[in-house]
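Colleague: build me a structure from this.
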Amino acid sequence: MPAQKRFKTGYSGVYYIQGKGVTGSSHKIEKIFYITYRKNGKLISEKAGRQFQDDMTAAKSSGIRARRLEGKELSNKARRLEEEARKQAEAGKWTIGRLWAEYQKDRKANKSLHTDQGRYERYLKSHFENKEPKDILPLDVDRLRIKLSKGLSPQSVKHVLNLLTWIINFGTKKGLCPGLPFHVKKPKVHNEKIEDLTSEQLARLLNAIKEDSHPQAGPMMLMALYTGLRRSELFKLKWDNVDFERGFILVRDPKGGLDQKIPLNDAARTLLESRIKTDSSDYVFPGRGGKQRVDINHAVNQIKTAAGLPKDFRPLHGLRHVYASMLASSGQVDMYTLQKLLTHKDPRMTQRYAHLRDDALKKASDLAGDIISNAASRDTNKVVSMENKEF
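Modeller: Next comes the predicted model:
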């Protein structure tokens with residue numbers, strides 16, 4: 001390709017060539033300005049800009065040339081190299097945004113992950129997406145915690161900060177980044193509400209379940225009451241998880257923990273044996289098309305309403321509380337056993353029921369006192385009787 005004709009300008013080291021430019025709907029011939037200069041003994045010739053597209057002039061081109069000669073501005077090539085180096089450096093950084101992307105891939109696509117996606121997008125992304133863990137300061141986390149506390153409950157704030165630490169801990173375990181050099185302070189949560197039912201409320205509920213026609217709502221509520229299984233665990237329960245021969249239920253992924261076994265008691269066994277297992281689904285309580293169920297709120301809430309239970313009582317999780325409360329208050333189940341039955345990873349979760357066991361122990365202690373008092377009374381009566389005989 002023949003070299004294009006160069007046109008001199010009134011400025012040293014500045015020339016232009018002619019090329020086609022587009023301005024609006026018309027095509028015009030425009031000047032394309034170039035500058036030449038020597039840097040470290042090397043002759044450099046590079047484009048300064050186009051007349052119309054860049055609003056470039058010979059005078060502006062001369063100014064660019066002067067700044068580059070003085071070292072105040074990089075050459076085009078040096079800028080390209082610098083930008084490429086910056087991009088490579090960025091690609092090697094494990095920012096919170098990149099760690100979050102990998103963290104998502106490592107987790108199961110379920111409701112819990114969907115919830116965490118919302119937390120990340122709403123609360124973490126704008127603050128930490130482009131930061132590496134090593135660049136996060138305690139002040140950064142404190143500011144976020146204080147900001148969130150103005151509109152969210154302590155439990156919600158704790159969930160957000162937990163997600164931040166989980167993302168970073170994931171990166172640390174995978175060898176992608178160092179961990180935080182400080183402890184993330186989280187709000188204290190006093191969330192020990194226990195949903196319980198009186199004997200009258202429980203009787204009304206059992207009657208409402210008996211009269212309800214939904215094929216799964218009532219049985220699911222009874223299973224929660226008989227076994228203490230969580231809502232999600234009832235949804236995931238498969239026939240293969242029920243060992244009728246040995247008398248156990250295998251609880252898959254109990255709230256993010258390892259699979260665990262709980263006893264299959266007689267009430268639960270009778271309920272499950274009464275259900276019809278179909279070839280179209282592996283699930284005990286299948287959803288549409290035999291797939292895993294994802295919701296049953298409307299049906300169980302209808303039963304709750306029919307039984308006249310409190311509005312804030314959760315039909316499935318509340319019955320898990322009832323199950324735990326009945327065992328704790330019986331005085332026959334210790335806290336360690338209750339923890340295992342509820343598949344709590346942290347024994348502190350089970351301690352919310354400890355006061356119910358204390359009530360049972362107090363009754364037992366009072367009974368011991370009554371027995372001793374009765375024995376003492378009988379001895380006293382015996383002595384009086386003997387004394388009367390002497391007269």
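Colleague: the strands in this structure, which residues?
Modeller: Secondary structure of the chain (DSSP state E): strands located at 7-8, 14-23, 26-39, 42-50, 242-243, 248-251, 260-263.
Colleague: direction included, what does the fifth one pair up with?
Modeller: As defined by DSSP bridges, the strand partners of strand 242-243 come to strand 248-251 (antiparallel).
Colleague: now do the partner strand: everything it contacts.
Modeller: Residues outside strand 248-251 that contact it (CB atoms under 8 Å, 6 or more residues apart in numbering): 227, 229, 233, 237, 241-243, 259-264, 268, 343. C-betas here are computed from N, CA, C, even on glycine.
Colleague: please apply the same query to stretch 289-302.
Modeller: By CB under 8 Å, 6+ apart, stretch 289-302 touches 111, 212, 214, 216-217, 220-221, 235-236, 278, 280-283, 285-287, 315-316.
Colleague: buried ones among these?
Modeller: 212, 214, 216-217, 220-221, 235-236, 281-283, 285-286, 315-316 (16 or more other CB atoms under 10 Å).
Colleague: could you chop this structure up by domain?
Modeller: Under the assignment automatic domain parsing, the domains of the chain span 7-91, 96-173, 199-355.
Colleague: lowest average pLDDT across the ones you listed?
Modeller: Per-segment mean pLDDT for these reaches its minimum on domain 7-91, at a mean of 85.
Colleague: need the helices for the stretch 151-300 of the chain, in chain order.
Modeller: In the stretch 151-300 of the chain, the helices defined using DSSP state H, counting those that start in this stretch lie at 154-173, 199-211, 217-227, 231-236, 266-274, 297-307.
Colleague: highest average neighbour count across the ones you listed?
Modeller: Highest mean neighbour count among those (mean count of other CB atoms under 10 Å): helix 217-227, with a mean of 23.
Colleague: nearest spatial neighbour of the residue positioned nearest the centre of the chain, skipping sequence neighbours?
Modeller: Nearest to the mean C-alpha position of the chain, counting by CA atoms, centre = their mean, stands residue 116 at 3.8 Å. Distances taken as CB to CB, 6 or more residues apart in numbering place residue 163 nearest to residue 116, at 5.5 Å, with adjacent residues excluded.
Colleague: hmm, back to that, give me the PyMOL select line for the contacts of strand 248-251, limited to the buried ones.
Modeller: Here is the PyMOL command that selects the buried residues among the contacts of strand 248-251 (16+ other CB under 10 Å):
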select buried, resi 227+229+233+237+241+242+260+262+264+268+343
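Colleague: report the two of the contacts of strand 248-251 separated the most.
Modeller: 259 and 268 (18.1 Å; CB to CB).
Colleague: of all the helices of the stretch 151-300 of the chain, which one is nearest residue 353?
Modeller: helix 217-227 (15.5 Å).
Colleague: by contact count, what packs against that closest one?
Modeller: helix 199-211, helix 231-236, helix 266-274, helix 297-307, helix 317-330 (3 or more CB pairs under 8 Å, 6 or more residues apart in numbering; DSSP states H and E).
Colleague: hmm, 6 Å instead?
Modeller: On a contact count with 3 or more CB pairs under 6 Å, 6 or more residues apart in numbering; DSSP states H and E, helix 217-227 meets helix 266-274, helix 297-307, helix 317-330.
Colleague: so that helix versus helix 199-211, what angle?
Modeller: 140 degrees (axes from the mean of the first three to the mean of the last three CA atoms, to 10 degrees).
Colleague: what number of residues lie near the residue lying closest to residue 164 once chain neighbours are set aside?
Modeller: In space, residue 164 comes closest to residue 124 once its chain neighbours are excluded; the distance is 5.9 Å by CB to CB, 6+ apart. For residue 124, the count of nearby residues is 20 (other CB atoms under 10 Å).
Colleague: ok, now residue 93?
Modeller: Neighbour count for residue 93, taken as other CB under 10 Å: 14.
Colleague: what about the spatially closest residue to it that is not a sequence neighbour, distance to residue 278?
Modeller: Nearest non-adjacent residue to residue 93, counting by CB to CB, 6+ apart: residue 132, 5.6 Å away. Here the criterion is CB to CB, to the nearest Å. By it, residue 132 lies 52 Å from residue 278.
Colleague: just residue 325 next, same as before
Modeller: From residue 325 to residue 278 the distance is 35 Å (CB to CB).
Colleague: same question, residue 318
Modeller: For residue 318, the distance to residue 278 - CB to CB - is 29 Å.
Colleague: ok, now residue 321?
Modeller: Residue 321 sits 32 Å away from residue 278, going by CB to CB.
Colleague: repeat that for residue 372.
Modeller: In this view, residue 372 and residue 278 are 60 Å apart by CB to CB.
Colleague: and for residue 126?
Modeller: Applying CB to CB, the value for residue 126 to residue 278 is 48 Å.
Colleague: same check, this time on residue 260
Modeller: 27 Å.
Colleague: what's the answer for residue 231, then?
Modeller: With CB to CB as the criterion, residue 231 and residue 278 are 22 Å apart.
Colleague: please apply the same query to residue 115.
Modeller: Distance, residue 115 to residue 278, using CB to CB: 31 Å.
Colleague: one step back: residue 349: which of the buried ones among the contacts of stretch 289-302 is nearest?
Modeller: Checking those against residue 349 by CB to CB gives residue 316 as the nearest, at 17.5 Å.
Colleague: contacting residues for the closest one?
Modeller: 224, 231 (CB atoms under 6 Å, 6 or more residues apart in numbering).
Colleague: ok, residue 264 touching residue 247?
Modeller: Yes: counting by CB atoms under 6 Å, residue 264 touches residue 247, with 4.7 Å between them.
Colleague: what comes up buried for stretch 306-320?
Modeller: 307, 309, 313, 314, 315, 316, 318, 319, 320.
Colleague: a markdown table for these, including distance to residue 30?
Modeller: Listed next are those as a markdown table, based on distance: CB to CB, whole Å:
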| residue | distance to residue 30 |
| --- | --- |
| 307 | 82 |
| 309 | 79 |
| 313 | 76 |
| 314 | 72 |
| 315 | 74 |
| 316 | 73 |
| 318 | 76 |
| 319 | 78 |
| 320 | 76 |
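Colleague: what's the farthest-apart pair in those?
Modeller: Pairwise distances across the buried residues of stretch 306-320 peak at 16.8 Å for 307 and 320 (criterion: CB to CB).
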